Structures are given as C-alpha cells and as structure tokens.
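Provided below for reference: sequence and predicted model.
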Amino acid sequence: MASNKPKGIVVFSGGSAANNLVDVFKAVREDKKCQLSYVIPISDNGGSSSELIRVFGGPGIGDVRSRLVRLIPDDPDHDDSEKAAIKIFFNHRLPKDQGAARQEWMQIVDASHSLWTNISTAKKELMRAILNSVNFEILKRMRPSSTFDFSGASIGNLFLTGARLFTGSFESAIYLLSSICSVPNHTSVLPAINTNFTHHISAGLANGTIITGQNSISHPSETTALDTTPLTAHEDTERHDLIEDANLPGTLPTLRKQYINFSKTDEDDLPARIERLWYINPYGQEIRLAANPAVLAALGQAQAIIYSIGSLYTSLIPSLILKGVGAAVANPSIKYKILILNSTNDRETGPSSSPFSALDFVGAIAKACAESQSISPSREVGKEEYCNYVTHVVHLTGPGTPAVEREALKQIGIETIKVYGRRGEGEGFTRYDEKGLVQALEVTMGRRDPRKDKVRRNTLEG
C-alpha cells in the first residue's frame, strides 16, 4: 500500500554557517509540507569541544548543539520569554579566564545565576540535574595531571555531554535537548555517526602532506596543552600517556591536546589543495565507518538533498564518505540534489593561488560519495558521474565568489541557478538573500512559478 506522506528533505551541513540559512530551509519545508532532516558531522575537535573530548571522550557535539538551539521556534505573535531564555542559556559561554569561568559555572549549577531567570521550575530542575551530573563526572576525573578547563566552555555542550553520560546514549541526549528546546517533530537533527566514541579525521594534500584532526585542517589554533615544552614525537606521546584522560595510551598527541582558543577569521592558506579526507583511529590509521542508520533512513525517504554552505571538507565531506551514504545519495529516485555554493572560498578550498570553482566543489562531493561505496579510495570519478550526486548548483555572483563553469556543468547534466545576494554593512563578501534563496530552491524543486512570487526583480536567474 503506497503512502501518501510526502517525501522529506535532507540537508547536509556543519554548524555556524548553515545556521544562517535555517529560516530558508524552514520555509522550503513548509512549502513542501514534509519532514526536514539535518545531517551534522561529529568530528570537530576544536574549541571547548576539545576539552570535553579530552576528559570524557565521545563525539564532537558543538555543531549538533548549535543546530538544536537554533531551531527553537520563534513566534512573533506571542511573547515567549522562556524559549528566549533557554536559547540564551544553551548558547552561553563561560569567560575565557579559567578562574572566572569556574566561578560562573558554580553559580549556574547551584541555580544562583541570572541565566535561570524566566526558565520554569520544571525545566530548570531537569536541566540542573544534568549539569550537576556532568559536574560530578568532572570532579571524579580530576587528577594532579589533569583538571577540566572551563575556559570559554559552552553551557549547551556541557549539558549535551552530561545527558549523554547520564543516559549512555548520544541519541537520547539529542532527544532530551531537542525536547527542552521545543524543536518541532517535523524537523530532526541527526549526527552523521550515532556514537559514544570520538572519531577524528585526516586530510591529504596534493603535495603529499597529511593534516591530522579537524581543528588543524579547518582553523589551526593556539595549542593550550598542559605542557608546551618542545619534544620529539615519541617523547610527546610518552608525556601524554602520563596524563589521565579519555584517550588510549599511545594516542597521537595532536589528538590529545586542548584547542580552546582559535580564530575562524585569521587563517593561513594551506600549502596545497586538499585531495582527500578520511577517518582515523587514535593512532592515525585509516578506518572506514558506517553512517548513522537514521541518516540512511532519512535519505531513503527523501525527495531532495541540499548541500548547505559551510566548510567543504570538514562540514560536508565527513558525512558523505561514511559507508551507505554514497549509495543512498546516488539513488535516482531522489530527483533534486542541490549544492548551495559558498559565497567565498576559505582555507579548505584554496590556496588563494588556486581557488576552487563550482566544478571543483561538485567534484569533491562526487568523489566522497563514490568513495563511500568503494573499497578502493583511489578510484577516479569521471565527470559524467557527477550528476548522480549533484543535479543543481545555486550560486551567487560578484567579487570573491567561486567561479561557476555554467556550460561545463550543463554538459554533464548539472543545472546552475544564479541568485543575487546582498552585502552586509562592513562585510567584504556577498551573502545570500533569504527570499531569493527560498525562491531558487522552490523553483528548482518544481513547486512554484517564479512569475507569481512577489519578490524583488532579478532575484533569480536560471
């Protein structure tokens, strides 16, 4: 018996960049009246997540947390002070000074902090129970060689970690935070891998260089390890083995250090292009991992896939190379596979002397999806295969935007849709206009006649 339930939309994305488009995806979902699923990677080992991973192990949860909190509904017709307070609470970060951070943390767990204002007693005591639980786990793990550093810690990340440790289930922790945040049932946030373990990535450059750990790939930061005395690799490993943390003895030191302080705006070029990305075990050896079954189920019921803006190799590729994903994406029953091209190139899609074009972005996605299905990571992917994984490219135009080879893409069966963007005050790059992007996605997915939409002229050029 055929189901009348409309097929869903699956969005592959990372954290902060795609958070800016949540209202766009919400509008498209409402237009389609279907399920919306966000697939989020769990390989981030930078920022306050690095300290949670060092002490507790487990997945990188920052992007999952930020998407759940971003999905807290806004109702302009009602004054919902509790939802606003919860959003502020879970987005709050402790001070960068370690002493001040610990002091503020204690004010939060003993309920004397002003962040609790406007949060109902029932939710407050549930949230406090989880935070006190993770605080107890921090105290249990305290050793002379290893104490938890609260500097810049995200309260939402601490909560999600506490819920995972309390329930023993990452999936349950997401369900709890999703419930507290009142995320609608028609929208789900799915970690690319459903795991209680830490999984790291490495990237291989065209010049043969291998970079280990997402933080080092995406935005290298100041290392804040307990002792920064220069040592040989062997001595460095032995020194870290004396520290009691969540890492196995012999784990690569670069995966055990704290990377609390970093900047996403002050980035140096990579010495060469990234050619491939893969998962590694704690000793740096390549491993192949299966995707979260819930992700494969969402793809199996999808009418459209959207690759959102964000870091190509650390936000999109870690989800696409997982076993099962490539075959699910290639399913011809999924008619629309839409890449929203970044408005500018970053560290991962450079260097500046050889920036990625639209065809390069599409090629990287196709290669990752093909690798997901293949035992051999070195298999070449012909351009004629690209349309199995990307059918449409939505892009901006203007200074600094990636080049778009319209004719070359058309020849291999990929359509391009140009959207006129806007420049924010003081910004050196073009942003997508929300109305224009919604229109582009709706037109691409075959629902609306653009001549009937009341949007400003020349927003869209097919």
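Right, received. Where do you want to start?

for the protein, longest helix please?
In the chain, ranked by residue count with DSSP state H as the criterion, the top helix is helix 121-140.

For the closest residue to residue 102 other than its chain neighbours, report the pLDDT, please.
Excluding its sequence neighbours, the residue lying closest to residue 102 (Cβ to Cβ, 6 or more residues apart in numbering) is residue 150, at 4.9 Å. For the C-beta atoms, the positions are set from N, CA and C on the backbone; glycine is no exception. Looking at residue 150, its pLDDT is 96.

Run through the strands of the stretch 1-150 of the chain in chain order.
8-12, 36-40 (DSSP state E, counting those that start in this stretch).

between those, which gets nearest to residue 339?
Across the strands of the stretch 1-150 of the chain, residue 339 has its closest neighbour in strand 8-12 (9.7 Å, Cβ to Cβ).

residues touching the residue nearest to residue 102, list them.
94, 98, 101-102, 105 (Cβ atoms under 8 Å, 6 or more residues apart in numbering).

Point out the least confident member of those residues, please.
Across the contacts of residue 150, the bottom pLDDT score, 93, is held by residue 98.

tally of neighbours for that one?
16 (other Cβ atoms under 10 Å).

Next one: it from residue 242, what distance?
Taking Cβ to Cβ, to the nearest Å as the measure, residue 98 falls 22 Å from residue 242.

Run through the stretch 201-350 of the chain and note the low-pLDDT ranges.
221-235, 262-267 (pLDDT under 70).

mind listing the helices for it?
For the stretch 201-350 of the chain, helices defined by DSSP state H, counting those that start in this stretch occupy the ranges 214-218, 233-241, 293-300, 317-320, 325-330.

Residue 118 is nearest to which of these?
Using Cβ to Cβ, the helices of the stretch 201-350 of the chain put helix 293-300 closest to residue 118, at 33.1 Å.

got the buried residues for the closest one?
295-296, 298-299 (16 or more other Cβ atoms under 10 Å).

Adding distance to residue 212, write these out as JSON lines.
Output for the buried residues of helix 293-300, formatted as JSON lines (distance: Cβ to Cβ, whole Å):
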{"residue": "295", "distance to residue 212": "25"}
{"residue": "296", "distance to residue 212": "28"}
{"residue": "298", "distance to residue 212": "30"}
{"residue": "299", "distance to residue 212": "29"}
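
Now for those residues: which two are most distant?
Pairwise distances across these peak at 7.4 Å for 296 and 298 (criterion: Cβ to Cβ).

I'd say residue 212 and residue 285 touch.
No. With contact defined as Cβ atoms under 8 Å, residue 212 does not reach residue 285; the gap is 11.2 Å.

Tell me which of the two has more neighbours.
Taking other Cβ under 10 Å, residue 212 and residue 285 do not tie; residue 212 has more neighbours (18 against 9).

Residue 351: how many residues sit nearby?
Neighbours of residue 351 (other Cβ under 10 Å): 15.

same thing with residue 101?
Residue 101: 18 neighbours (other Cβ under 10 Å).

Make sure it is actually in contact with residue 158.
No. Counting by Cβ under 8 Å, residue 101 does not reach residue 158; the two are 11.2 Å apart.

hey, where'd the helices end up in the stretch 351-462 of the chain?
358-373, 406-411, 434-444.

elements contacting the last one?
What that stands for is helix 434-444. Here helix 434-444 touches helix 22-32, strand 336-340, strand 392-395, strand 415-419, strand 460-461, going by 3 or more Cβ pairs under 8 Å, 6 or more residues apart in numbering; DSSP states H and E.

what about those, which gets the closest to residue 445?
Using Cβ to Cβ, these put strand 336-340 closest to residue 445, at 5.2 Å.

Quick check: which element contains the closest residue to residue 294 other than its chain neighbours?
If the residues on either side of it in the chain are set aside, residue 294 comes closest to residue 190, at 5.1 Å by Cβ to Cβ, 6+ apart. Element membership for residue 190 (DSSP states H and E) is strand 187-191.

so what strands line up beside that strand?
Each strand paired with strand 187-191, and its direction, by DSSP bridges: strand 36-40 (parallel).

what does the strand it pairs with contact?
The contact list for strand 36-40 (Cβ under 8 Å, 6+ apart) reads 8-15, 18, 25-26, 29, 63-64, 67, 186-192, 295, 298, 302, 319.

Among those residues, name the buried ones.
Judged by 16+ other Cβ under 10 Å, buried ones among the contacts of strand 36-40: 8-15, 18, 25-26, 29, 63-64, 67, 187-192, 295, 298, 302, 319.

Chain neighbours aside, what residue packs nearest to residue 242?
In space, residue 242 is closest to residue 145, 6.2 Å off (Cβ to Cβ, 6+ apart).

Likewise for residue 429?
According to Cβ to Cβ, 6+ apart, the nearest residue to residue 429 is residue 344 (4.8 Å).
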